[in-house]
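Colleague: Sequence first, then the predicted structure:
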Amino acid sequence: MLNLDAESLYADLRKGVRALMPEGAVLVGVWSGGAWLAERLQNDLHLPGTHGVISSTLHRDDFGSRGLSSATDATSLPFAVDGQHIVLVDDVLFTGRTIRAAVNELYDFGRPASVALAVLVDRGGRELPIAAAYAAATIELPSNQRLSLARDPGGLFTFEVEALT
C-alpha cells in the first residue's frame with residue numbers, strides 16, 4: 001500500500017517553488033489539484049496579486065473521447081502572459097500529456113518569458129519529453145492505478161489511489 005504524506009510533500013514543494021521563482025514570477029495551477037496547490041502556495045509564500053488557473057481540457061489529445069468538463073475548470077489568468085515568468089504547478093506528473101495540453105493553453109494567451117514546472121509527485125511513466133524542474137517526491141506506481149490529490153474542507157491535502165478498470 002502506498003503511503004504518501006501529502007502535507008509533508010506540500011511543505012517540500014513550497015520550498016522548491018520559492019527557489020524556482022524569479023522576481024515578479026507568477027503561479028499558474030493546472031486544474032484541479034494543481035490549482036489547489038497554487039492557491040495555497042500563493043498565500044503561504046505571501047506573493048502579491050493572485051495565481052492563475054489553467055485548464056488542459058481543450059488541448060487534450062483525448063478530447064474527442066472525454067469531451068468538455070464542467071465549467072468550473074475554465075482557464076483564468078488574471079495577468080498578462082506575454083513576457084511573464086511562470087511557475088506551472090500540478091499535483092501528479094505521469095505521462096506528460098496534461099502538461100503538454102496546459103502549456104498549449106497557456107500559449108493561447110501569450111508568449112511567456114519562461115515556464116518552469118513544479119509538481120507534488122512525479123510518478124514516472126512519461127510518454128512525452130516533459131520533466132519537472134522540481135518534484136517533491138518521485139515514486140513508482142503501476143500504470144493501472146491513479147494517484148489523485150484530495151483536499152478536505154479545511155484545505156489539508158491527502159492522496160487517493162484508485163485502480164483503473
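Modeller: Sure, I can see it.

Colleague: Other residues contacting the host helix or strand of residue 121?
Modeller: In this assignment (DSSP states H and E), residue 121 forms part of strand 114-122. The contact list for strand 114-122 (CB atoms under 8 Å, 6 or more residues apart in numbering) reads 4, 6, 9-10, 13, 16-17, 20, 22, 33, 37, 85-93, 99, 103, 106, 130-139, 147, 149, 157, 159. Where C-beta positions appear, they are placed from N, C-alpha and C, glycine not excepted.

Colleague: Now do the strands in this structure.
Modeller: 26-30, 52-54, 85-93, 114-122, 134-138, 145-151, 157-163 (DSSP state E).

Colleague: what angle do the strand holding residue 121 and strand 157-163 make?
Modeller: 70 degrees (axes from the mean of the first three to the mean of the last three CA atoms, to 10 degrees).

Colleague: still on that earlier bit, mean pLDDT, mean neighbour count and distance to residue 42 added to the strands of the chain, as JSON lines?
Modeller: Output for the strands of the chain, formatted as JSON lines (pLDDT from 0 to 100; neighbours: other CB atoms under 10 Å; distance: least, CB to CB, whole Å):
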{"stretch": "strand 26-30", "mean pLDDT": "98", "mean neighbour count": "27", "distance to residue 42": "6"}
{"stretch": "strand 52-54", "mean pLDDT": "98", "mean neighbour count": "26", "distance to residue 42": "10"}
{"stretch": "strand 85-93", "mean pLDDT": "98", "mean neighbour count": "25", "distance to residue 42": "10"}
{"stretch": "strand 114-122", "mean pLDDT": "98", "mean neighbour count": "22", "distance to residue 42": "13"}
{"stretch": "strand 134-138", "mean pLDDT": "98", "mean neighbour count": "19", "distance to residue 42": "17"}
{"stretch": "strand 145-151", "mean pLDDT": "96", "mean neighbour count": "16", "distance to residue 42": "15"}
{"stretch": "strand 157-163", "mean pLDDT": "95", "mean neighbour count": "14", "distance to residue 42": "15"}
